[in-house]
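Asks: The following comprises the amino acid sequence and a computationally predicted model.
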Amino acid sequence: MDTKSAVELMESSAEAHFSGFHMDGFEQRKASIEQPTTSETDMYKQPFVIGVAGGAASGKTTVCDMIIQQLHDQRVVLVNQDSFYNNLTEEELTRVQDYNFDHPDAFDTEQLLRVMDKLKHGEAVDIPKYDFKSYKSDDMLRRVNPSDVIILEGILVFHDPRVSGVDEYEDIC
C-alpha cells in the first residue's frame, strides 16, 4: 500500500474532509521538499484545515495534541472556539449560573469566520483570549501567524455549516 506524507495528504485535500483520521498513514516530510517562502512569485497555497468537535471532556484536546505531534515538521496553529465566546452583559453576569455556554448563540461565530478566512488567506490574526472568571475577552489578544495547517477545536465548531465550508449536511453523508 502506498503511504503518503503529511504534505501530500494536505495537498490532496483542498475542500472540507470528513473521513476518519488515520495517523499510521503519515511519514516524515522528506528533506527534498522545498521550504515555504514569502516571495510574491510563489503560488498561494491554502492551508489544510482540521476541525475537531465534541462535548466537554470528550478528548478534543488530546486529539489536537496527537495531530500536532504527528505534524511536528509542519507549521500548525490551534484555534479554539472557546476564544470566541460572547462577552456577557451585566444582566447575564447577575445570573451566570443560568447561562448556557453550550448553545450556538454563546459564540461570536461571525468573528470566528472572519479569523478563519484571514488565516486561510495567509494573514496573521489577533484572537481574543476569553477570561472565564470575568466572562469577557476585552483587550486580551493572542497573535496567530499564517500556517500550513489550522486546527479548529470546539464543542460546536460544525454547528454553522459556513465554518466547515459545507453548504448542506447532505454533502458529507
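Replies: Perfect, thanks for sending it.

Asks: in this structure, which spans are helices?
Replies: Assigned by DSSP state H, the chain shows helices spanning 6-11, 60-70, 90-94, 109-120, 161-164.

Asks: Show me which positions of the longest one end up buried.
Replies: Of the residues in helix 109-120, those buried under the neighbour-count criterion (16 or more other CB atoms under 10 Å) are 109, 112, 115, 116, 119. (Each C-beta comes from the backbone N, C-alpha and C, glycine too.)

Asks: From residue 102, how far out is residue 64?
Replies: 19 Å (CB to CB, to the nearest Å).

Asks: ok, now residue 135?
Replies: 15 Å.

Asks: do the same with residue 159
Replies: Remark: distance between residue 159 and residue 102 (CB to CB) = 11 Å.

Asks: Which residue of these two possesses the greater neighbour count?
Replies: Shown here are residue 159 and residue 102; by other CB atoms under 10 Å, residue 159 has more neighbours (15 against 10).

Asks: How about the contacts made by the closest residue to the more buried one other than its chain neighbours?
Replies: Counting by CB to CB, 6 or more residues apart in numbering, residue 104 is the residue found nearest to residue 159 once chain neighbours are left out, at 4.9 Å. Taking CB atoms under 8 Å, 6 or more residues apart in numbering, we find residue 104 in contact with 156, 159, 160.

Asks: ok, now how distant is the second one from residue 112?
Replies: It stands for residue 159. Relative to residue 112, and taking CB to CB, residue 159 is found at 11 Å.

Asks: my read: residue 123 touches residue 146, true?
Replies: Yes: counting by CB atoms under 8 Å, residue 123 does reach residue 146; the two are 6.4 Å apart.

Asks: what's the neighbour count on the nearest residue to residue 135 once chain neighbours are set aside?
Replies: Once flanking residues are discounted, residue 135 sits nearest to residue 88: 4.1 Å by CB to CB, 6+ apart. For residue 88, the neighbour count with other CB under 10 Å is 17.

Asks: Thank you, goodbye.
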